[in-house]
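K.L.:
sequence below, structure please.
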Amino acid sequence: MAFMKAAVVAEAHAPWELRDITKPEAGPHQVLVKIHACGICYTDSLLAEKVLSFRQFPMVLGHEGVGEVIAVGPGVISRKVGDRVGLPITQRPCGRCDFCRERHVDSFVTANNCVAPILTGINVDGGQAEYIAADELGTILLPDAISYEDAAPTVCAGYTVWAALRRADAPPGSSVAIAGIGGVGHLGIQFARAAGYHVIAVTHSPSKRQLAKDLGADVVVSSGDELRAAGGADVLLHTSPNHDAAIDAMKGLKPWGKLVLMGIAPDDGFTFPALALTSHSYQIIGSAHNGPDILAEALEIVASGAVKPMIEVFPKEKVGDAYAKLMRGEIRFRAVVKY
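P.N.:
Reported below is the predicted structural model:
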């Protein structure tokens, strides 16, 4: 029996510890991936602290894993040894339930509606390990020009914000406001700029105003009133788990504007201003990971250099420090662990 190093979460609220666990093997239609890097996401903390629960402890988290295929199992036809791949959350639907019979594109909607999906780092072990075995359809090919370190946060955070922009479907020349300049929002500014929009950053933090401009924001405001005074926004991207900031920013949303919600909070409460919603014909759009084609686009944009994730890289021996720093709110803006 072969072993590998992995970041193990032994119980709720426990520190992440690098331990020896059994190395997986590629089964039918699976590939064995040597992980080179894996990001730590806010959702990982919800799982590690048992705010969300899908399986028992101990577990290995990580849905931002990237690496190289080193073996393929029987029946694999779409991947080969040497492929550089990413491993997003939705690995495989069950293929048999009523939802799956409707033949939807695999996405976060699949993850929440299929009765028995396989979700990397959620209900099966994830990418915070030296190796992972995953269904071949639960991987995506990485562009040659993207580094593993930049690919890791793109597999979730970059995927999320680019999917939101694509769901908004705003015409050229539109104004896009990003509420919350953090792990997702700093990418939102860059993706919106890369798409050619007029970009407005909304942040209450004076220390982030210059950063937002450096990332590509045309205008930086601190409130919905200031957003309205700056001309307003056709699209408002809500990127933070703090809903108050987005509700305030809606004061600057133009008539027929769209609020795209991608920020989640443990209590999941969101009270909309009903009068403004109806009198201005606002659209509220929920968006997460909206199909592998969208992720492929996001990876190509990052590979082109138009978007650069702001990351802090940790060796696997420091994975516990990386998670602790994340929990203290000290990461700017995405933690990436190298294996």
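K.L.:
put the alpha carbons of the host helix or strand of Leu326 into PDB.
P.N.:
Element membership for Leu326, per DSSP states H and E: helix 319-327. These are the backbone C-alpha positions of helix 319-327, laid out as PDB (Å, rounded to 0.1, in the frame of the first residue of the first chain):
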ATOM      1  CA  VAL A 319      -1.000  24.300   4.900                       C
ATOM      2  CA  GLY A 320      -2.100  24.700   8.600                       C
ATOM      3  CA  ASP A 321      -0.600  28.200   8.600                       C
ATOM      4  CA  ALA A 322      -2.400  29.000   5.300                       C
ATOM      5  CA  TYR A 323      -5.800  28.100   6.700                       C
ATOM      6  CA  ALA A 324      -5.200  29.900  10.000                       C
ATOM      7  CA  LYS A 325      -4.200  33.000   8.100                       C
ATOM      8  CA  LEU A 326      -7.300  32.700   6.000                       C
ATOM      9  CA  MET A 327      -9.500  32.500   9.100                       C
END
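K.L.:
need the next SSE after it, C-terminal direction.
P.N.:
strand 334-338.
K.L.:
what sits up against that following strand?
P.N.:
7, 36-40, 64, 128, 148-149, 152-153, 157, 183, 309-316, 318-319, 322-323, 325-326 (Cβ atoms under 8 Å, 6 or more residues apart in numbering). Backbone N, C-alpha and C define where each C-beta goes, glycine included.
K.L.:
which of these are buried?
P.N.:
Neighbour counting by 16 or more other Cβ atoms under 10 Å classes 7, 36-40, 64, 128, 148-149, 152-153, 157, 183, 309-312, 314, 316, 318-319, 322-323, 325-326 among the contacts of strand 334-338 as buried.
K.L.:
quick one: the strands in the stretch 201-339 of the chain?
P.N.:
Here the stretch 201-339 of the chain has its strands, by DSSP state E, counting those that start in this stretch, at 219-221, 233-238, 253-261, 283-286, 311-315, 334-338.
K.L.:
which stretch among these comes nearest Cys97?
P.N.:
Cys97 sits nearest to strand 283-286 of all the strands of the stretch 201-339 of the chain, at 21.3 Å, using Cβ to Cβ.
K.L.:
understood, closing this out.
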